[in-house]
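Enquirer: please work out how this folds:
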Amino acid sequence: MSTKPGQVQGAAWCSEVNGGVHYETRVRPVERLEIERPLFRSLPAQRPAVACGEERKVDRLSTVRFCSARYSVPHRLVSQIVQVAATDRDVLIMSLGVPVAQHPLLANR
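Expert: Next up, the predicted model:
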């Protein structure tokens, strides 16, 4: 297997950075990794839900507020309680267990 020039430079940079003492921890990252390695665990097979069934009241603008953002829902649901389910990508809004709106999750500001 051949090594590309960028890989050699990257490996050299990693050796330099991980071999030096970190200015805040006062420990070499490579040493800290060995201390922390027993604490690591496998990532879950699926992404966890950010929210699952949290309730929100639809405001007079026919939106619900979730994680510092507003998401629109059908106007007929104004003043009603809806459920919000979210992943790290999408927000699903349901009324009585039936999906009524889906939006991309907006970044927190």
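Enquirer: and the helices in the protein, which stretches?
Expert: Listed in chain order, the helices of the chain (DSSP state H) span 5-19, 29-36.
Enquirer: so where's the protein uncertain?
Expert: Scanning the chain for pLDDT under 70 picks out 1-3, 46-51, 107-109.
Enquirer: report the central residue of the protein.
Expert: Here the mean C-alpha position of the chain is nearest to the C-alpha of residue 88 (CA atoms, centre = their mean), at a distance of 4.7 Å.
Enquirer: I'd assumed residue 105 was in contact with that one.
Expert: Yes. When contacts are counted by CB atoms under 8 Å, residue 88 is listed as touching residue 105 (6.7 Å). To be clear about C-beta, it is placed using only N, CA and C from the backbone, and glycine gets the same treatment.
Enquirer: contact partners for residue 104?
Expert: Residue 104 makes contacts with 89, 90, 91, as judged by CB atoms under 8 Å, 6 or more residues apart in numbering.
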